[in-house]
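1. Kindly generate the corresponding structure for this input.
(3 chains)
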Amino acid sequence: MLHIAKRRTVADRVFTGGLIACGVLAIVPLISVVWTTLSRGSERLDIDFFTQSMRGITGAGGGALHAIMGTLLITASATLIAVPIAFGTALWLTEYAASTTSPAVKALARTVRGVIDVLAGIPSIVAGLFMYAVIALTLGPGYRSGFAGAVALALIMIPVVERSGEEVLARVPAELKEAGLALGAPQWSVILRVVLPTALPGLVSALLLGISRIIGETAPLLLVAGFTDSMNYNLSAGRMISLPVYVYSQWQNKGVDAQAYDARAWSAALVLLAGVLLLHGLAGLVIRLQRQNRQVRRARR
Amino acid sequence: MTIKIENLNAYYGALQAVADVSLTIQECAVTALIGASGCGKSTLLRCINRMHEIIPGALVSGVVRLNETNLYEPQADPVAVRARVGMVFQRPNPFPTMSIAENVLAGFRLRGERLSKTESQETVEHALSAANLWSEVKDRLKSPGTGLSGGQQQRLCIARALASRPDVLLMDEPCSALDPASTGAIEELLGELRLAHTVVIVTHNLSQAMRVADQVAFMATTSAANGGHLVEYGSSTQMFDHPAQSATQDYIAGRFG
Amino acid sequence: MPLKQFGRELLVIDVLAPSDTVRSSGARHENAPHLSEVYPPGAPQLRQASHRDVLRIFSVVAAVVTLLLLGGVVVFLAIEGAPALAGTSENLPAGASSIWALAGPLLFGSLWASALAIAVAAPLGIGVALFSVLVMRGALGRWLGTAIDVLAAVPSVVYGLWGLMVVAPQTVRIYNWLATHLGWIPFFAGQPSTTGRTICTAALVLAIMILPIVSSVSREAIRLVPSSSIEGAQALGATRQEMIRRVVLPEARSGIMAGIMLALGRALGETMAVAMVLSATPFLVSFRLLSSQNPGTVAAYIAQNYPEAHGLEVNALVWLGLLLFAVTFVVSFFARLVVRRSSGGSR
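-> Numbering: from 1, shown residues only, chains lettered A, B, ... in the order given. Prediction:
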């Protein structure tokens, strides 16, 4: 007998069919989200949208320049805060703590890794509340600024960038570090001149993914950066709106011409989505370029 | 530069890798360390430039002298020791982010030593010539070092070690990852290097040891926990033609079948 | 001979001023300088001026800052949230009699919505992972994986808008049909919502948001199943379904579980999408899926009420945040336990 019992074939067919259905079913929402955002967002994607704020606008018109600027300023400063802490921690774990037998250092490294796992699980709104609590207990509860938002976002970004940074650093071949040490270089020099340059593409991609993780964050900024209709280039004082918060506030605080508010919300959502996908694409590109480089070199050997 | 090893013991945590080795290595000669896998010859080699210590939990006791200077004296800095004792590894490991020229100068750059432009150019040309690589790469010094063939990469690594003017050059099975032609090139190079350098090479390949070495040290271990000890040490002809110890004879005979 | 412990190697070398002797020797080519020429004999020749390893100090500081961050989060939330513990119906949000009376139903809502989301996302995510690794091998499977990862990149406000304006209106008819024909099942009982902004819709949107987490972690776990096991099962004549059920799923189980726990943590903390989609009623505890009366979630409640809150109400919201953090911590703790147990054998 060369054929399987009918019951088994049917079960296999049904099962495989189910798996295919899962694949299709998972793609439907993606297409729907992207399509809706594209079609409804393109409506207001005009020059005004990129050149005007919402100051004095109650109906149609206006734009999201203030929110775009706010997003850029807040994201950039969050990145500046998070990167040294995240990459510094990753370096310490992979390079310094790994080259010791001291039980105290090993215990500390384990604790730091555990803390990073917990930080990675912090809901973003809790990061915002934390920043609010810090502000309320130091500067007074009414203080709002882009910088406070940046710190809250940095808290979300640190574990993301640290984890992928650690992974990237751990992949630098030990042979290269040995080669550097054997030339009479101190460890810091080997890290600075061999390990970091070798890991650079991976670190850049980790950074880009970290940025794409926070650029769409709404809740923490809602709490500590607040929203405004006007331009604000000052990170240290005054409310500063970002694109995600702009989307939310356009939908939440609709004026008389509800259509105009919805249209602006979708356009901002489209800009945001495009930005996030661009960052993802760039991160993938950096990695792919490095891989191709290596393959070319290997082929040449 | 003569290397005098006195009562050297090396450990990985509780595991002993090298047991009480004393050995005087002649200058301007190639000395081969031979022996079965796990006999501690690579560890012994790594004790000569204090690379053994980078492994967490590694311990060393004993004395290694370069001429009169004890590398293990309390004030000695392992980093400074490594700048004077060059090393070439089993697998070629040029720095992938650096060009050929940058790889040659990597030692200076990594130690924070600045060279003038002419000094750099001279060093690159001299080190690559000394490694028999200059004519092959002189037109593409700015291209990445990892673009070279395996054998060329290994000679680049030798040039990188030679550029720092080391007193001693250590080689840990430098040909085991290479094809026969590249191995031949490295062996030829060793013949030239012996004229001006003290070279210590670990090899599994007995015919290679016979071809390149002036002196041969045979190490063996009685059991994995005991660590390798020195069985016999002498000139290449003596070791291969008239070994004094039966263990040496067995090892050499066994390999040659 | 003194034994030396070199485990912790002290890196002492001149950072700022390279040693001149070494530098000048670098240019000499003709014959190698002997140590005795470069350094006078008898002097401590192999010692270089000691400097601190600045990079080590920097990285230790960074690690300590990371460590302190977590402590800071807990301490500041606790200090700012604690006054709410003494709150009464006079000054708490929505006239709650105590902070626990407010928190209880919201925690229920968070758990209920997340559980529903997991119930949808877990089978779908595992299915997608199996599909992309074992059925659609090659380019199409990879492409599907990338497409699902894009779902993870979409910001939550965009999901909020989409859930509100696309999903909710579409579901109203389905909800009506379910209520008419399957109303005898307690979950579907009662008058269905006319806007579609129900806990069921919110859970569906949540499920799509956490789907990439489940599917990517499961994908990795399934990839780790040794191909020898898979080929072994196929050699024994197992169909694909039998191979997956008997070999792949048991071996990848702990990895898949870890992915589900991770996704659960994410669902519990999701704020904006739920705040925008779900129309919540305070203090409500209900398992009904289609009603216009829905329990709220902690995260969404905080976001919705924060702008208008004042006085002790803000403290109450901070305390809610601390509770939410505690719940997600417990979830991630179990997730790590699962992962550790699974990888414990191989380590």
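
2. Any regions of chain A where pLDDT drops low?
-> Low-confidence regions of chain A, defined by pLDDT under 70, span residues A:1-4, A:294-301.

3. Helices along the chain, start to end?
-> No chain in the question, so chain A it is. Along chain A, the segments classed as helices by DSSP state H run A:6-41, A:47-51, A:65-91, A:103-120, A:124-138, A:146-170, A:174-182, A:187-190, A:196-215, A:219-224, A:243-252, A:258-300.

4. other chain: chain C
-> Along chain C, counting by DSSP H, helices occupy C:20-26, C:35-38, C:54-81, C:99-130, C:139-153, C:156-162, C:168-181, C:199-223, C:227-235, C:240-243, C:249-269, C:272-277, C:298-305, C:312-344.

5. could you check the angle helix C:249-269 makes with the last one?
-> Spelled out, it's helix C:312-344. On the basis of axes from the mean of the first three to the mean of the last three CA atoms, to 10 degrees, helix C:312-344 is oriented at 170 degrees to helix C:249-269.

6. elements contacting helix C:312-344?
-> Helices and strands touching helix C:312-344, by 3 or more CB pairs under 8 Å, 6 or more residues apart in numbering or on different chains; DSSP states H and E, are helix A:103-120, helix A:124-138, helix C:54-81, helix C:99-130, helix C:249-269, helix C:298-305. Heads up, the C-betas are built off the backbone N, CA and C, glycines and all.

7. weakest of the helices of chain C in terms of mean pLDDT?
-> Confidence, taken as mean pLDDT, is least for helix C:20-26 of the helices of chain C (a mean of 31).

8. Quick one: residues contacting the closest residue to A:Leu176 other than its chain neighbours.
-> Excluding its sequence neighbours, the residue lying closest to A:Leu176 (CB to CB, 6 or more residues apart in numbering or on different chains) is A:Val194, at 5.4 Å. Taking CB atoms under 8 Å, 6 or more residues apart in numbering or on different chains as the contact definition, A:Val194 lies against A:Val172, A:Leu176, A:Lys177, A:Ala179, A:Gly180, B:Phe95, B:Thr97, B:Leu110.

9. Going by distance to C:Leu211, which of these wins?
-> Nearest to C:Leu211 among the contacts of A:Val194 is A:Val172, at 33.4 Å by CB to CB.

10. Surely that closest one touches A:Pro197?
-> No - counting by CB atoms under 8 Å, A:Val172 stays clear of A:Pro197, with 9.6 Å between them.

11. the more surrounded of those two?
-> A count of neighbours by other CB atoms under 10 Å in any protein chain shown puts A:Val172 above the other of A:Val172 and A:Pro197, at 20 against 16.

12. any chance of the helices of chain C in TSV, with distance to A:Gly202 and mean neighbour count too?
-> Putting the helices of chain C into TSV (distance: least, CB to CB, whole Å; neighbours: other CB atoms under 10 Å in any protein chain shown) gives the following:
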stretch	distance to A:Gly202	mean neighbour count
helix C:20-26	33	17
helix C:35-38	40	16
helix C:54-81	18	19
helix C:99-130	24	22
helix C:139-153	17	17
helix C:156-162	27	28
helix C:168-181	41	16
helix C:199-223	18	25
helix C:227-235	27	13
helix C:240-243	35	20
helix C:249-269	22	23
helix C:272-277	31	28
helix C:298-305	33	26
helix C:312-344	23	20
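
13. quick one, which of these is nearest to A:Gly59?
-> Using CB to CB, those put helix C:156-162 closest to A:Gly59, at 20.0 Å.

14. what helices or strands is the closest one leaning on?
-> Counting contacts by 3+ CB pairs under 8 Å, 6+ apart, helix C:156-162 packs against helix A:6-41, helix A:243-252, helix A:258-300, helix C:199-223, helix C:272-277.
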